[in-house]
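> sequence isn't available, so here's the structure alone:
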Ligand SMILES: [Zn+2]
């Protein structure tokens, strides 16, 4: 059963912070009435975020209510949740050292617990912009990130309407870490782009993003096998001053063998590159012969923070290889460092930044028919 149907309207109403309520209420959903998206009594959209909290959950909150079934308890301070219910703090709740706005729903889920933070869209987006970029970055870069994050979120909310949550807190979706100190820049970026999303034709655009493209954007086709006209290979030299633009790493054969479950590794070479020159497949030479491994699988197996992208060359160094690479992330869509440096060095507006990374899309107010 959907949260919005089981929760008293007053709690959903309170889940929206007073500051966000005014802005949220002008989202078009208020009058549309024909959307499956959950919204509070004031018309604001509520996002359901899965929090990772382990098996036993202790939260801290001042002046909270905890509603379980027909019983509502009031309290202040620490609370260990041992039954299904909804925690509604007056301000925020603290979990694992992080502060979260909105309500916390605890429910049993196939033998374990599922913890879901029901939070207003603007609070959610403020947190994403703060964690995906730094809130101290240039306002135009933050605004580009806010539009990209909002568009991505609306697509996920639509796709996952029947699931128990819309997104989780990790890079599987977008990084959400609750309230961040000094997030004014992010908060402003969300407010100043209020309601704005990217469309391609009459559909919301797939707004992927990554840290640094290394000078060439990858196509959606080459990374995920799905071609989109606004996610094609193109030169994008703007992130060359990024700290992750160039990297290199030495990896012993023994480690490659361990991570790929292949014994007797003797060599690694590039088998095939895609249209952006990123590596598609690698040849792993072992005592038993040569085996082809997809570069994205290789990257994940070795650690995506270590092998920062598949945009690399391979050289041998004794019983090891040296990868010399560029960029950080999959390379599709917006390059965050490129967005920042375009704004910093050229004063590029967020509209032009988005135009560069998603050519052929248009920035418009969200339309109820499309979500
Ligand atoms: Zn770039």
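Ah, there it is. Given the structure is predicted, the values throughout are model-derived calculations rather than measurements.
> when you work out contacts or count neighbours from here on, use the C-alpha atoms and nothing else.
OK.
> and the helices in the stretch 151-300 of the chain, which stretches?
Assigned helices in the stretch 151-300 of the chain, in chain order: 184-192, 220-224, 253-260, 295-302 (criterion: DSSP state H, counting those that start in this stretch).
> I'd like these as a markdown table, with mean neighbour count and distance to residue 79 appended.
Listed next are the helices of the stretch 151-300 of the chain as a markdown table, based on neighbours: other CA atoms under 10 Å; distance: least, CA to CA, whole Å:
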| stretch | mean neighbour count | distance to residue 79 |
| --- | --- | --- |
| helix 184-192 | 21 | 30 |
| helix 220-224 | 17 | 44 |
| helix 253-260 | 17 | 41 |
| helix 295-302 | 18 | 38 |
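> spell out which parts of the stretch 201-350 of the chain neighbour the ion.
When proximity is defined by CA under 5 Å from the ion, the stretch 201-350 of the chain lies next to the ion at 212-213, 239, 335, 338.
> ok, now with 6 Å
Contacts of the stretch 201-350 of the chain with the ion, taken as CA under 6 Å from the ion, map to 212-215, 236, 238-239, 335, 338.
> just the buried residues of those residues.
Neighbour counting over these (16 or more other CA atoms under 10 Å) leaves 212-215, 236, 238-239, 335, 338 as the buried ones.
> out of those, which are inside strands?
residue 335 (DSSP state E).
> pick out whichever of the residues of the stretch 201-350 of the chain next to the ion sits closest to residue 205.
Nearest to residue 205 among those is residue 335, at 16.0 Å by CA to CA.
> pretty sure that closest one sits against residue 213.
Yes: here residue 335 reaches residue 213: they are 5.7 Å apart, a contact under CA atoms under 8 Å.
> between these two, what contacts are shared?
Both residue 335 and residue 213 are in contact with residue 239, where contact means CA atoms under 8 Å, 6 or more residues apart in numbering.
> contacting residues around the residue nearest to residue 265 when sequence neighbours are not counted?
With sequence-adjacent residues excluded and distances taken as CA to CA, 6 or more residues apart in numbering, residue 265 is closest to residue 286, at 4.2 Å. Residues in contact with residue 286, defined by CA under 8 Å, 6+ apart, are 262-267.
> closest point of the stretch 1-150 of the chain to the ion, which residue?
Across the stretch 1-150 of the chain, the shortest distance to the ion (CA to the ion) belongs to residue 141, at 12.9 Å.
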